[in-house]
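A.B. asks: Any chance you can model this:
(chains A and B)
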Amino acid sequence: MSLAINLKLFLDEAGSISKFTARFFKQWFKPRYEFSELWRQCFIIGYKSLPLVGLTAFIMGLVLTMQLRPSMLDYGVESQIPVIVGIAIIREIGPVITALIFAGKIGSSIGAELGSMKVTEQIDAMEVSGTNPFKYLVVTRVLASTFMLPVLVLLGDAISLYGSYLGVNIRSNTSFTLFWTQVFNSLSFSDVLPAFIKCYFFGFAVGIIGCYKGYNSRKGTEGVGSSANSAVVVSSVLIFVIDLLAVQITDALGIN
Amino acid sequence: MNAPTTLVKFEEPSITEKNVLVIQHLFKSFGSNHVLVDFNLELKKGESVVVLGRSGSGKSVLIKCIIGLLQPDKGTIEMFGQNIPDLKYDGLDKIRAKVGFLFQSNALYDSMTVRENLEFPLRRHWIDVSQDETNKMVMEALEDVGLGHTVDMMPAELSGGMRKRIALARTLILKPEIILYDEPTTGLDSITAKEIINLMIEIQMKYSTTSLIISHDMNCVRTASNRVIMLIDGKCYASDTYLQLAKSTDEKIKQFFE
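C.D. replies: Below is the predicted model of the structure:
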């Protein structure tokens, strides 16, 4: 396939995603509001993702600390491990890794769920039953993933830092209070706030891409699989693109 | 109502002269594929009309245009005195509350129990209905299809025939005036298909509904219709009773009855 055709396909897809996103913003203010479905999705997307996010965050904090330790020892700054790990986790690793795990779990599940609903005519059945399927299925899922990812990142960061605390104490003896005091003293609002805000964009990207891919799934089971797969791939790439933009913006605003 | 496996006798319903559905000069194309070309149809109250055509002839497209899931390119679809293609979401909703639609794939919501599947259209169309009333209506609809015991089961736990009957119960719960059936017997074995046809006939007799059935199952066409419309080349090629069409010498019609 030539470059021109690939470029056309890419632009077509980008245009369709933009139209889908515009439709989301047009629909989410309009009644009827699907609060009970939104609440249910928050439970599924947020609460049910917590064990996975917590486990990966804990391992991430522990491993990061253990990997850092030899280099820090070489430079004689072993005592600065909580500071470095704290900044790395809060500013970058926590949000991005959690968002990638979230994209893998939630992006694929939304893509597959909506895709299978599409091919088995459940979305049409919903429309015939007096329900706006876009509001009921898409708006609720996108809002739930937008609001739940920052919460998961906050919890994930805390668990990750606890893992780091245990990592520090494998080879040395640091008190719980000292560890957390060092972490908090090294952090400022310019570390926490931009990282927290970008999580909303990560969550939105995962939700909107998962829904777009599922809602526009081609007929057949192969189409459902491909929707789930491309939902993960596209939202993961978008997470890095948003991260890149976020760092440029904070840099330009001088809040780095 | 337990459906016997032998076909029940279809007593002639009380068909009135009042048209509940009038389709005039309907056109629908997908790119260069002209699916419906100047299609016309009239459906009288109490009638049971089967639209017969080959696979891919546009039967499902027709029924989706009628319920407003697809927008036709040209033409009018008047139902209960309103032109469906002109209606916005709220207007369509009011019409859809009076029309049942049985999907070819049943379209039961996988993540909901049978009870929740039946409650869904009820709660969406009739917001003020109480829980007691809802329970009563759910059980009544399930008893109508002989599956009261499945109320707390998930769709995945049911057989193909049971799922079709649950989908029919979901269609019935709003007591529709018109029921649109999209290939109701496709994918079912002959015994289960007969059960579903019997059920459709019994429902029509019990609730005096009007039915528009899309099918290529000749058993269904013969048993469940007062009138058959032949959809050939995107047009209403012929419209008559099953017996009259079966006697036709027209080559295009004959091939369906051979």
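A.B. asks: what residues does the helix or strand hosting A:Phe43 touch?
C.D. replies: Assigning secondary structure by DSSP states H and E places A:Phe43 in helix A:35-45. With Cβ atoms under 8 Å, 6 or more residues apart in numbering or on different chains as the test, helix A:35-45 has contacts from A:106, A:136, A:140-141, A:143-145, A:147-148. In short, each C-beta sits where N, CA and C put it, glycine included.
A.B. asks: change it to 10 Å
C.D. replies: With contact meaning Cβ atoms under 10 Å, 6 or more residues apart in numbering or on different chains, helix A:35-45 is reached by A:34, A:102, A:105-106, A:109-110, A:113, A:131, A:135-137, A:139-149, A:151-152, A:203, A:206-207, A:210, B:111.
A.B. asks: Buried by neighbour count: which residues of the next helix or strand after that helix qualify?
C.D. replies: Going down the chain from helix A:35-45, the next helix or strand is helix A:50-75, by DSSP H and E. Under the neighbour-count criterion of 16 or more other Cβ atoms under 10 Å in any protein chain shown, helix A:50-75 has A:50, A:52-54, A:56-58, A:60-62, A:64-66, A:68-69, A:72 buried.
A.B. asks: Same question for stretch B:27-39.
C.D. replies: In stretch B:27-39, counting by 16+ other Cβ under 10 Å, buried: B:27-29, B:35-36, B:39.
A.B. asks: if you average pLDDT over it, what comes out?
C.D. replies: Stretch B:27-39 shows a mean pLDDT of 91.
A.B. asks: For that stretch, what is the distance to the chain centroid?
C.D. replies: Computed by Cα atoms, centre = their mean, to the nearest Å, the separation of stretch B:27-39 from the middle of its chain amounts to 22 Å.
A.B. asks: And stretch B:128-145, by the same measure?
C.D. replies: 21 Å.
A.B. asks: quick one: is it near chain A?
C.D. replies: No. Stretch B:128-145 stays clear of chain A (Cβ under 10 Å from any Cβ of the partner chain), getting no nearer than 12.7 Å.
A.B. asks: For that stretch, give me every contacting residue.
C.D. replies: Contacts of stretch B:128-145 (Cβ under 10 Å, 6+ apart): B:1-3, B:114-119, B:122-123, B:126, B:147-151, B:162, B:164-175, B:195-196, B:199, B:202-203, B:206-207.
A.B. asks: how does it look with 7 Å?
C.D. replies: B:1, B:115, B:118-119, B:122, B:148, B:150-151, B:165, B:168-169, B:172-173, B:199, B:203 (Cβ atoms under 7 Å, 6 or more residues apart in numbering or on different chains).
A.B. asks: Out of these, which sit inside helices?
C.D. replies: B:115, B:118-119, B:122, B:165, B:168-169, B:172, B:199, B:203 (DSSP state H).
A.B. asks: Now neighbour count, pLDDT and distance to B:Asn83 too, for these, in CSV please.
C.D. replies: As requested, the ones in helices among the contacts of stretch B:128-145 are arranged in CSV below (neighbours: other Cβ atoms under 10 Å in any protein chain shown; pLDDT from 0 to 100; distance: Cβ to Cβ, whole Å):
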residue, neighbour count, pLDDT, distance to B:Asn83
B:Arg115, 17, 94, 36
B:Leu118, 27, 93, 31
B:Glu119, 20, 91, 31
B:Leu122, 20, 84, 27
B:Arg165, 24, 90, 34
B:Leu168, 23, 91, 28
B:Ala169, 26, 92, 31
B:Leu172, 24, 88, 27
B:Leu199, 23, 86, 32
B:Ile203, 21, 86, 28
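A.B. asks: Before I go, just wanted to say thanks for your time.
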